[in-house]
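S.K.: any chance you could fold what I've pasted below:
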Amino acid sequence: MGFRFAGLALLLSATASSLTAASEPTAAELVAKNLAARGGAAALAAINTIEFNGKFIAPGDFQLTYHGTRARNAGGDRMRDDLTIQSLTIVQAYDGQSAWKINPFQGRKDAERMSADEARAQADAGLIDGVLLASLHDGSSFRYLGREDFDGTNAYKLQIRQKDGDQYDYLLDPDTFLEIRATETRQVRGAQTITDYEYGDYDKVGGAYFPMAIDSWQPTQPDQRVRILIASAVANPRLDPASFAQPGAAVAVTAPTAPDASERPPAKAATPPAAPTPATPPKPLPTR
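M.R.: I've put the predicted structure just below:
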């Protein structure tokens, strides 16, 4: 009798485990759900440029005005962030090929070219679709890592590994499938750097959702958080392509000249990946 009950217990346990495994999504399904949650491929592809305005809050409640712009570009989305206080402006930008910065608080008023590692980071930060959805077409791999608790939320964990080795671990809200947290791991000047992010207060801009609150910090310095709070955002504003170029740098001339991002027709809509087979699984701004 005891053996029969034991066998029944094992059978029930195996059945429960099978049902639990069957209910868990694949990595491809999570990416597809995130794409739908953001507004869908067509809505995102229709955004050629975007502009954000708000404030940047540094540790100690040190506040600067924030102005950020993004523009789609064949070689990589262009971006520029301006942080201003008392007529002094910090600039970080990526022109689609290289990155540059201006930091008057370090006694430098001229633009400086960033390293290749820093440029990769800026390129990721400038993606209109974001690193997670860019993985659909940039050669990155993604995989589902199971569930992880985040402030009481049993979030889905999805890992994106880029071709250059940089990695993003995302936590997706189980109800909205929007990103609520990410950990970025990358190599900068030969050293591994890790940055944590939290995303919240998603709002619709031009038909697609973006986080309006972004916190970031180094895990070794959790009390040194910085926060970007977006007060307004506009889809497809007319942007001057020259604003992304490094001042004083030689400008490469090509023929024909590429049209301004705000004048180009929408890019081809991204397509969600097909669910992987078990043998070959696929392969870094939602109100909380």
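S.K.: helix, strand, or coil at Val31?
M.R.: Classification of Val31 by DSSP: H, G, I helix; E, B strand; the rest coil places it in helix.
S.K.: wait, doesn't it sit right on Ala134?
M.R.: No - using C-beta atoms under 8 Å as the test, Val31 is too far from Ala134 to be in contact (10.6 Å). Bear in mind the C-beta positions are built from the backbone N, C-alpha and C, glycine included.
S.K.: when these two are compared, which one has more neighbours?
M.R.: Remark: of Val31 and Ala134, Val31 carries more neighbours, 26 against 20, as counted by other C-beta atoms under 10 Å.
S.K.: may I have the phi/psi pair for Ser135?
M.R.: With angles defined as degrees, to the nearest 10, Ser135 sits at phi -60, psi -10.
S.K.: contacts only, for the residue nearest the centre of the chain.
M.R.: Residue closest to the average C-alpha location in the chain (C-alpha atoms, centre = their mean): Gly130, at 3.6 Å. Residues in contact with Gly130 (C-beta atoms under 8 Å, 6 or more residues apart in numbering) are Arg38, Glu179.
S.K.: next one: it from Ala36, what distance?
M.R.: 14 Å (C-beta to C-beta, to the nearest Å).
S.K.: and the residue nearest to the centre of the chain, how far from Pro174?
M.R.: 19 Å.
S.K.: again with Arg186
M.R.: 27 Å.
S.K.: could you do Asp61 as well?
M.R.: 33 Å.
S.K.: what of Gly207?
M.R.: 24 Å.
S.K.: the strand ranked longest in the chain: which residues count as buried?
M.R.: In the chain, assigned by DSSP state E, the strand with the most residues is strand 191-205. Residues Thr195, Asp196, Tyr197, Glu198, Tyr199, Gly200, Tyr202, Val205 are the ones in strand 191-205 that count as buried (16 or more other C-beta atoms under 10 Å).
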